[in-house]
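Novice: missing the sequence, but the structure's below:
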């Protein structure tokens, strides 16, 4: 007997074991729906994992027009900090009356992240283009190439830090003008791709009517200025920057 069928059988068996460890049944059913809807063609590589979510690299389906690579973000219902999530969700008019179960809160968070990414697209702010969401799964364009994600701002030295800082602050201003604050902007939530910064992880973003919007905006700006001051020695006046953003 040829060894090839045995190797293939072993590969499929290992793939099945991985899927059992990574995907619960609701997530599997959700992914199957997204594949039937032709947004996704496949989900193949785990590219990052945190306490609240796993992000996979996948191949785009026909309905994801213009994309070949997608990022598939699957929130972990059992380990997500739903108390933390609630304070960003409650009061958001885009989220219908919220039930108190952990799954309901996580699903509302995914819907909110999708809508925040749509706002980024309308504002002309570089961020992953949202493609679809269902339950605890968010599908968006992949920032990177051939399953290798773009670098985080935290881990690299950019060639022109002055220009990169200006671009980031301009992105904050553009979002503010259309009524959105990122809410957790820092060097871990910015990718650097094609010579400029891209905003990611925007699920906690709030509309300006949120009671904590101004506080979160100030924190975002402070985080950005602190990174560029410590890494590159660039100093900007906080009050002047804030005045420019709100002008």
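Specialist: Perfect, thanks for sending it. Since we're looking at a predicted model, the values are computed, not measured. Residues are numbered from 1 along each chain as shown.

Novice: helix or strand for the closest residue to residue 95 other than its chain neighbours, which one?
Specialist: Distances taken as CB to CB, 6 or more residues apart in numbering place residue 108 nearest to residue 95, at 4.9 Å, with adjacent residues excluded. Quick note: C-beta positions are derived from backbone N, CA and C, even for glycine. Assigned by DSSP states H and E, residue 108 belongs to helix 102-123.

Novice: what's across from residue 58 in the sheet?
Specialist: Beta bridges link residue 58 to residue 43, residue 70, judged by DSSP bridges.

Novice: for it, give me its contacts.
Specialist: Contact partners of residue 58, counting by CB atoms under 8 Å, 6 or more residues apart in numbering, are 40-44, 69-72, 139, 142.

Novice: ok, residue 200 touching residue 127?
Specialist: Yes - if you go by CB atoms under 8 Å, residue 200 and residue 127 touch, sitting 6.8 Å apart.

Novice: how about the contacts made by the spatially most central residue of the chain?
Specialist: Centroid-nearest residue in the chain, with CA atoms, centre = their mean: residue 201, separated by 3.2 Å. Taking CB under 8 Å, 6+ apart, we find residue 201 in contact with 184, 188-189.

Novice: give me the buried subset of these.
Specialist: 184, 189 (16 or more other CB atoms under 10 Å).

Novice: what is the nearest of the contacts of residue 201 to residue 36?
Specialist: Closest approach to residue 36 among these (CB to CB): residue 189, at 32.0 Å.

Novice: where along this structure do the strands fall?
Specialist: Secondary structure of the chain by DSSP state E: the strands cover 40-49, 53-60, 69-75, 130-134, 137-141, 144-145, 148-149, 151-152, 180-181, 190-193, 196-199, 206-207.

Novice: show me the domain layout of this protein.
Specialist: Here the domain parsing of the chain from automatic domain parsing is 7-145, 151-246.

Novice: where does the protein dip in pLDDT?
Specialist: Applying pLDDT under 70 to the chain picks out residues 1-23, 79-80, 82, 96-99.

Novice: repeat that with 90
Specialist: Along the chain, the model assigns pLDDT under 90 to residues 1-28, 50-52, 76-108, 211.

Novice: please identify the buried residues of stretch 163-177?
Specialist: In stretch 163-177, counting by 16+ other CB under 10 Å, buried: 164-165, 167-169, 171-176.
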